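# I'll drop the sequence and a predicted model, then ask my questions.
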Amino acid sequence: MKKQIKKSALTKSGKKGLVVASIGSFLSNLAHLAPIFIVMFFAQQIILKTDLSIPLYLGIIAGAGIVMYIFIDIGYDKTYNETYKEAVALRIDIANKLKELPLSYFSTHDVADLSQTVMQDVLDIGHALSHAIPQMFGAIAFSILVATGMIAFNPIMGLAIFTPIALSFVFLALSKGSQTRASKKYFDVLRENADAFQQAIEMHQEIKAFGQKESVQKDINKKIDHSEKIHIKSELAQAVPVILANIMLKFSLGACIFAGIQVFDFSQPLHLLYFLGYLMASVALPDAFATLHENIAEILYMDARLKRIAELRSVETQAGEPYDLKSFDVEFKGVEFSYKDGVKVIDGISFTAKQNTVTAFVGPSGCGKTTVLRLMSRLYDYDSGEITIDGKDIKTIDADSLFDKISIVFQDVMLFNTSVLENIRLGNRSAADEEVKKAAELANCTEFIEKLPEKYDTFIGENGAKLSGGERQRISIARAFLKNAPIIILDEISASLDVENEMAIQGSLNKLLENRTVVIISHRLKSVENADKIIVMNEGKIDAKGSHDELLKSSELYRTLIEKSQATEKFAY
């Protein structure tokens, strides 16, 4: 039992709770034996003509009833209470694990898959905990006790009843592989469907805009039909072995009758009583074990879900020790990085972003600019080389210590369906309302916030659906201002801004530069011409670095980028 529990995906408290629930199930099974023992006891006393008073009879019945009530109540209470606690604890445990994972994990795993793990998989595990797993462990312990007693009392009769039962479990064990494979296949299909549904929902505007509604709907319907077929096959793969195993249980009755005829002398009342006792057991036990078969089938169905959670737990998190950074020069030394094995996105780059300066990255799309910022903020860990801040390798600094010193504004803005005030306060949870509003003013948010129905208390919809792209971008920038970290990373912050707002925010940024390390990417090269250092990247490598004037003389790629930028600005439809 300990070995099986250890392999499960449960939390530590959940494993302890499962042991408690299993003990409760065992006691509940014992309680259901009480009526049979009482009937057998009274019958034996009548046959032996033992003189027992009516009060004693009533006392035995009342005592047995109380014990039954207590045991059954303990079994029910422990099973369902522990199930509820574990469902809560397991979701919290998974959420805490997700918080510790590096961004690289999420780039290779679908959000739909993770949400299915947190919601549906935990729900299925909760059902198994309340309806299958404790009952299985309790039934196993109960079966061992009953089988030992019945075989010890009469080996031939005990073996006659329990041999077919044992064979049914051997058959079920042999079918384990086919059952788990079928449930795993259905599990994978459900994941694919969830991903398709989420993609269709997220991309509904694009789907309608390009007239793909019927095509996408047809594809989803096809996936649903396919999953139904897989579901039926999965159910059959589990139902057929369970049905056959249950049929094997029925042989216990025939074996009991055949063995009883050979063993007992029915002219003796006690022998007849013992035979009737074994006969009752041969009728009752198969029904109980049929339920156990179903419990085992449910546990095998859970195999893929338990493995998925165990796999999530085994993902390596970013290590590091707390460290109080004092200075904020960021230095790259021969850094290399690949999203996929063998495909270098960053190839041996070296540079230093000095404190109290602005370092800008420019280059063609896909050259690795954003990846550099992700490595710098340790959203990804580099493969080789070294990145240091304050002379300390960032791989040795724990994420909380590092993130505390960095404000990041990426091109893709994520907002919550809460008020404007609380969305900005994400930059500093302890900030007062006035500090939040000051940050909003610096990010040029005040004008559009004042026009909202409830101003700063207006809920902005899922991911800021009620705001424009530029307004969402400015709220994200306000967060960075509010955090007021010594390292500021800005990735294409002007992508969703008009020229007027970009100029206003550039003015606000100038107020934050003092004694800070600022690293910025911008496709509008005009906005980075005054940067202290401009680094030109191409195909994951540094092509050139220097000031705007220096690069115009030394870098052909930079001159080409400037020419294209100027041509774009002059273009008119």
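Looks like it arrived, so ask away. Residues are numbered from 1 along each chain as shown.

# check contacts around residue 143.
By Cβ atoms under 8 Å, 6 or more residues apart in numbering, the residues touching residue 143 are 165, 289, 292. Glycine gets a C-beta too; all of them are placed from N, C-alpha and C.

# so what's the residue count around the last one?
Under the neighbour criterion other Cβ atoms under 10 Å, residue 292 is assigned a count of 23.

# likewise the first one?
Around residue 165 there are 22 other residues, counting by other Cβ under 10 Å.

# circling back: so which of the contacts of residue 143 is the closest to residue 274?
residue 165 (19.5 Å; Cβ to Cβ).

# so the closest residue to residue 476 other than its chain neighbours, which state does it fall into?
Spatially, and ignoring its direct neighbours in sequence, residue 476 is nearest to residue 413 (4.4 Å; Cβ to Cβ, 6 or more residues apart in numbering). Secondary structure assignment for residue 413 (DSSP: H, G, I helix; E, B strand; the rest coil): coil.

# any residues touching stretch 392-406, and which ones?
100, 318-325, 328, 376-378, 381-382, 386-389, 485-489.

# on that earlier part again, dump the contacts of residue 143 to CSV, plus pLDDT, secondary structure and distance to residue 298.
Listed next are these as CSV, based on pLDDT from 0 to 100; DSSP: H, G, I helix; E, B strand; the rest coil; distance: Cβ to Cβ, whole Å:
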residue, pLDDT, secondary structure, distance to residue 298
165, 89, helix, 19
289, 82, helix, 15
292, 81, helix, 11
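
# and which of these is nearest residue 176?
Checking these one by one against residue 176 (Cβ to Cβ), the nearest turns out to be residue 292, at 14.7 Å.

# with adjacent residues omitted, what lies nearest to the closest one?
residue 139 (4.7 Å).

# ok but that neighbour is inside a helix, no?
Yes: checked against three-state DSSP, residue 139 lies within a helix.

# state the distance from it to residue 296.
Going from residue 139 to residue 296 by Cβ to Cβ, to the nearest Å gives 10 Å.

# swap in residue 22?
14 Å.

# pLDDT score for the residue nearest to residue 476?
Listed pLDDT for residue 413 reads 77.

# quick one: contacts for it?
Per Cβ under 8 Å, 6+ apart, neighbours of residue 413: 464, 472, 473, 475, 476, 496.

# closest one of the contacts of residue 143 to residue 126?
Distance to residue 126 across those (Cβ to Cβ) is lowest for residue 292, with 19.8 Å.

# the closest one against residue 136, yeah?
Yes: between residue 292 and residue 136 there is a contact at 6.2 Å, judged by Cβ atoms under 8 Å.

# give me the mean pLDDT for stretch 452-471.
80.

# now swap in stretch 85-98 and tell me
76.

# tell me the buried residues in it?
For stretch 85-98, burial by neighbour count (16 or more other Cβ atoms under 10 Å) applies to 86, 87, 89, 90, 91, 93, 94.

# off-centre distance for that stretch?
When C-alpha coordinates are averaged (Cα atoms, centre = their mean, to the nearest Å), stretch 85-98 and its chain have centres 8 Å apart.

# just the CA trace of that stretch, in CSV.
The C-alpha trace of stretch 85-98 is given here as CSV (Å, rounded to 0.1, in the frame of the first residue of the first chain):
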residue,chain,number,x,y,z
LYS,A,85,-9.1,18.6,1.6
GLU,A,86,-6.9,16.9,-0.9
ALA,A,87,-8.7,18.4,-3.9
VAL,A,88,-8.1,21.8,-2.4
ALA,A,89,-4.5,21.0,-1.4
LEU,A,90,-3.6,19.4,-4.8
ARG,A,91,-4.8,22.5,-6.8
ILE,A,92,-2.9,24.8,-4.5
ASP,A,93,0.2,22.6,-4.7
ILE,A,94,0.0,22.6,-8.6
ALA,A,95,-0.5,26.4,-8.6
ASN,A,96,2.6,26.9,-6.4
LYS,A,97,4.6,24.6,-8.7
LEU,A,98,3.5,26.6,-11.7
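
# use 42 as the first number from now on
Let's use 42 as the start, then, which means that last one is stretch 126-139.

# pLDDT weak spots in the stretch 392-541 of the chain?
Low-confidence segments of the stretch 392-541 of the chain, defined by pLDDT under 70: 535-541.

# quick check: the closest residue to residue 305 other than its chain neighbours vs residue 198, distance?
Among residues not flanking residue 305 along the chain, residue 312 sits closest, at 4.1 Å (Cβ to Cβ, 6+ apart). Separation of residue 312 from residue 198 (Cβ to Cβ) stands at 11 Å.

# got it, and residue 143?
Noted for residue 143: a distance of 63 Å to residue 198, by Cβ to Cβ.

# higher neighbour count, these two?
Ranked by neighbour count (other Cβ under 10 Å), residue 143 and residue 198 place residue 198 first, with 25 against 17.

# and the host helix or strand of that one, which residues are buried?
Residue 198 is part of helix 196-215, with elements assigned from DSSP states H and E. The neighbour-count check on helix 196-215 (16+ other Cβ under 10 Å) flags 198, 199, 201, 202, 203, 205, 206, 209, 210, 212, 213 as buried.

# how about the strands in the stretch 392-541 of the chain?
398-403, 425-430, 433-434, 447-450, 528-532 (DSSP state E, counting those that start in this stretch).

# possible to save these as JSON lines with distance to residue 373 and mean neighbour count?
Output for the strands of the stretch 392-541 of the chain, formatted as JSON lines (distance: least, Cβ to Cβ, whole Å; neighbours: other Cβ atoms under 10 Å):
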{"stretch": "strand 398-403", "distance to residue 373": "11", "mean neighbour count": "23"}
{"stretch": "strand 425-430", "distance to residue 373": "6", "mean neighbour count": "17"}
{"stretch": "strand 433-434", "distance to residue 373": "11", "mean neighbour count": "14"}
{"stretch": "strand 447-450", "distance to residue 373": "15", "mean neighbour count": "22"}
{"stretch": "strand 528-532", "distance to residue 373": "14", "mean neighbour count": "23"}
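
# I'd like to know how many residues surround residue 424.
Neighbours around residue 424, by other Cβ under 10 Å: 14.

# ok, it touching residue 377?
Yes: between residue 424 and residue 377 a contact is recorded at 5.1 Å, counting by Cβ under 8 Å.

# which parts of the helix or strand harbouring the residue nearest to residue 305 are buried?
Using DSSP H and E, residue 312 sits within helix 310-342. Residues of helix 310-342 classed as buried by neighbour count (16+ other Cβ under 10 Å): 313-316, 318-320, 322-323, 326-327, 329-331, 333-342.

# just want the angle from the helix or strand following it to helix 310-342.
Per DSSP H and E, the first helix or strand lying C-terminal to helix 310-342 is helix 344-355. Counting by axes from the mean of the first three to the mean of the last three Cα atoms, to 10 degrees, helix 344-355 lies at 60 degrees to helix 310-342.
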